[in-house]
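Novice: What follows is a predicted structure for the sequence shown.
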Amino acid sequence: MLFAIYALDKPGDGSARMTHRPAHLEYLKSKGAVLKAGGALLDDAGERMVGSMIIIEAPDLAAARAFADNDPFKKNGVFESVVVRPWRVAPLGSVSFG
């Protein structure tokens, strides 16, 4: 089953995010095929990272929450909030996003 992880950073200058970013990226890389998509959420100007959105495959909600809880950003207090929800790809047919 797919899960969306939506996490917002604590307010600040972003220094905590940058400090823990290498460990965060290594954590994601270590998850291999579990990780389906991911990236930084940006501020309204599209310039500064303010959170993360990640799509993973996990057997259940507990496993998806464990994935989120073990992220170095979560463990080191970068995130202010983390929401984990089951996610389903919409059957869009021939819709193109390119």
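Specialist: Great, that's in hand.
Novice: Near Ile54, how many other residues are there?
Specialist: Ile54 is flanked by 22 other residues according to other CB atoms under 10 Å. In short, each C-beta sits where N, CA and C put it, glycine included.
Novice: Also the one 3 residues further on?
Specialist: Number of residues near Glu57 (other CB under 10 Å) recorded here: 16.
Novice: residue contacts, the closest residue to Leu28 other than its chain neighbours?
Specialist: Once flanking residues are discounted, Leu28 sits nearest to Leu35: 5.6 Å by CB to CB, 6 or more residues apart in numbering. Residues near Leu35 by CB atoms under 8 Å, 6 or more residues apart in numbering: Leu28, Ile54, Ile55, Ile56.
Novice: again, but for Arg85
Specialist: By CB under 8 Å, 6+ apart, the residues touching Arg85 are Phe3, Ala4, Tyr6.
Novice: residues of stretch 32-44 that come out buried?
Specialist: Within stretch 32-44, the residues that count as buried by 16 or more other CB atoms under 10 Å are Leu35.
Novice: returning to what we had before: relative to Arg21, which of the contacts of Arg85 is nearest.
Specialist: Using CB to CB, Tyr6 is the member of the contacts of Arg85 that sits closest to Arg21, with 18.1 Å.
Novice: who does the helix or strand where that closest one lies pair up with?
Specialist: Using DSSP states H and E, Tyr6 falls within strand 2-9. With DSSP bridges as the test, strand 2-9 is paired with strand 49-57 (antiparallel), strand 79-87 (antiparallel).
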